[in-house]
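Q: Fold the following for me, if possible:
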Amino acid sequence: MKRTYDIRLVITVFIFIAIVGAAVASCYIKGKRQGDFKVYYSASLAYREGLNPYDMDNLSTALHVPVLTPYVYPPDTLFIFRPLTFFTFQTAARLYLTVKLLAVCALIFFWCHIFDFKQYTPVLLLVSPLAFNGSLLDDLGAGNVSIFEQFFIWAGFYFYARDKIVWFAVAIILASTFKFTPIVLLGILATRLQRRDLVCLGCAGISFLLILAVNALIWPQMFAQFFHNVSTIRGERGDGNPAILALASDTVTWLRMKTGYLLPGIVPTGIYIVSSLTVLYVAALTFIKLRSLDEKKANLWRICLICFVYALILPRLKNYSYIVLIAPSIYAVISRPLASAWVPFCGLFLIYTYREFNVLGSALSPLYRVQCEYYSLIIAWVVAGLFCYSFLRRSQSSTDENADASKGEGTESIGKSFPTAQTRS
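A: Residues are numbered from 1 along each chain as shown. Have a look, this model is predicted:
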């Protein structure tokens with residue numbers, strides 16, 4: 001049996017390397033792609049040369065090639081890329097990508113050790129590169145910082161699973177260095193209602209605000225321009241930004257085109273607010289149910305749930321940010337009552353959506369477009385919904401079963417009946 005498992009693992013490692021290698025080969029061989037890294041490199045280079053890195057024209061001047069995207073990260077992040085500016089862009093891009101590949105290996109390590117994916121390691125290696133419309137491959141090709149962001153997020157969860165919450169908070173703050181949104185994940189510290197967690201949450205929040213204040217004090221002009229550049233980011237929809245607010249905006253636009261009736265501009269925002277409040281309400285109920293579990297097991301489910309909440313309530317979420325859901329989704333599928341159907345569920349993660357919207361006629365083309373451009377969001381909602389439903393439903397049935405058992409034998413506990421999948425008629 002062990003020999004068979006080893007063969008499977010070797011084959012899946014080879015497939016994983018082949019898929020990732022195919023995605024990054026063009027960068028190593030021809031120095032192509034890495035569009036986001038071009039912005040980071042040119043911004044840091046411009047700042048090194050005394051130019052304003054938040055002026056897009058200066059990025060093109062520094063790199064001597066057109067740069068069409070502004071730099072949208074805080075001033076202190078410019079120093080992170082400075083060592084790479086002493087190399088040519090092609091060399092720097094290859095070095096940057098190499099470090100990212102090492103970060104991917106670290107992600108696999110964290111996922112395996114947090115969720116104990118021993119017998120499911122081949123599944124993880126097969127699913128992770130292609131899950132959520134290839135979010136991991138998208139990041140490797142784009143040259144974004146998401147994989148580094150995910151590295152710190154999962155380093156934090158690695159500490160959280162071992163009840164080292166101070167190190168967890170430090171890691172999440174580091175993950176929020178570029179994009180501020182990961183700071184939302186600190187919300188997991190409020191779910192156990194423990195004084196130590198709440199104190200750590202407050203200190204972490206204050207520390208994050210102090211970092212922003214230091215940026216504003218040292219580089220006031222650049223900090224203001226940073227916020228200006230961030231405010232100019234709008235209009236991203238579809239597979240580039242598969243988030244609920246973008247889907248609501250697309251839906252309203254489609255209704256206007258089909259009916260000629262212009263809905264108020266507040267409608268997409270209202271849909272987003274209602275959706276987010278629903279997510280938070282159901283998540284709160286589920287977090288309460290988790291308190292009856294063994295603490296170690298409950299912490300793993302809290303990690304999964306906070307990741308789903310994070311992905312579903314953000315108004316803007318790039319496709320490569322769905323990396324945060326890869327391991328929680330696999331763990332939720334193989335560990336809950338859905339485990340009997342984990343193979344088809346994992347198959348859903350691997351589906352690449354197609355681009356032909358009228359394959360069965362124009363009448364259904366809007367449905368195809370939603371399925372294609374918001375596939376990652378749809379899968380996230382499905383898995384998160386079933387995840388919460390399984391806990392909310394089974395918690396009641398487990399209580400009833402334990403009550404019956406205690407009357408007859410008086411020896412069974414909730415802890416035995418809850419975590420394991422049971423066959424029910």
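Q: okay, the residue nearest to the spatial centre of the chain: pLDDT?
A: Residue closest to the mean C-alpha point of the chain, counted by Cα atoms, centre = their mean, is Val324 at 2.7 Å. At Val324 the predicted local distance difference test score is 93.
Q: And for Ala155?
A: For Ala155, pLDDT reads 96.
Q: Verify the contact between it and Phe110 for me.
A: Yes: under the criterion of Cβ atoms under 8 Å, Ala155 makes contact with Phe110 at 6.4 Å. In short, each C-beta sits where N, CA and C put it, glycine included.
Q: Quick one: residues contacting the residue nearest to the centre of the chain.
A: Gln150, Ile153, Cys307, Tyr310, Ala311 (Cβ atoms under 8 Å, 6 or more residues apart in numbering).
Q: and if we set it to 6 Å?
A: Cys307 (Cβ atoms under 6 Å, 6 or more residues apart in numbering).
Q: From Ser135, how far off is it?
A: Val324 is 9 Å from Ser135, where distance means Cβ to Cβ, to the nearest Å.
Q: Same question for Arg393.
A: For Arg393 relative to Ser135 (Cβ to Cβ), the value is 30 Å.
Q: For stretch 154-171, give me every contacting residue.
A: Outside stretch 154-171, the residues that reach it (Cβ under 6 Å, 6+ apart) are Leu107, Phe110, Ile114, Phe152, Ile172, Cys200, Ala204, Asn299, Ile303.
Q: just these now: which is nearest Tyr71?
A: Phe152 (20.4 Å; Cβ to Cβ).
Q: And the spatially closest residue to Tyr261 that is not a sequence neighbour, which helix or strand is it part of?
A: Leaving aside its sequence neighbours, Tyr261 sits nearest to Leu255 (Cβ to Cβ, 6 or more residues apart in numbering; 7.1 Å). Assessed by DSSP states H and E, Leu255 sits inside helix 244-259.
Q: what residues does that helix touch?
A: By Cβ under 6 Å, 6+ apart, helix 244-259 touches Arg237, Leu262, Leu263, Val267, Pro268, Ile271, Tyr272, Ser275, Pro315, Pro366, Tyr374.
Q: got CSV for the residues you listed, with secondary structure and distance to Arg33 too?
A: Below are the contacts of helix 244-259 laid out as CSV (DSSP: H, G, I helix; E, B strand; the rest coil; distance: Cβ to Cβ, whole Å):
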residue, secondary structure, distance to Arg33
Arg237, coil, 22
Leu262, coil, 40
Leu263, coil, 39
Val267, helix, 38
Pro268, helix, 32
Ile271, helix, 35
Tyr272, helix, 32
Ser275, helix, 34
Pro315, coil, 28
Pro366, helix, 32
Tyr374, coil, 24
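Q: Just the closest of those residues to Leu9, please.
A: Distances from Leu9 to the contacts of helix 244-259, taken by Cβ to Cβ, are shortest for Tyr374, at 34.1 Å.
Q: can you tell me how far that closest one sits from Leu193?
A: 35 Å.
Q: These two: who's more crowded?
A: Higher neighbour count among Tyr374 and Leu193: Tyr374, with 24 against 11, using other Cβ atoms under 10 Å.
Q: The more buried one is in contact with Ala243, isn't it?
A: No: Tyr374 is beyond contact range of Ala243, at 8.5 Å (criterion: Cβ atoms under 6 Å).
Q: pretty sure Leu317 contacts Glu236?
A: No: here Leu317 does not reach Glu236: they are 10.0 Å apart, not a contact under Cβ under 6 Å.
Q: Looking at those two, which has the bigger crowd around it?
A: For Leu317 versus Glu236, neighbours defined as other Cβ under 10 Å are more numerous around Leu317 (23 against 13).
Q: for the more buried one, what are its contacts?
A: So Leu317 contacts Ala243 (Cβ under 6 Å, 6+ apart).
Q: Could you grab the helix/strand/coil label for it?
A: coil (DSSP: H, G, I helix; E, B strand; the rest coil).
Q: Sounds good, over and out.
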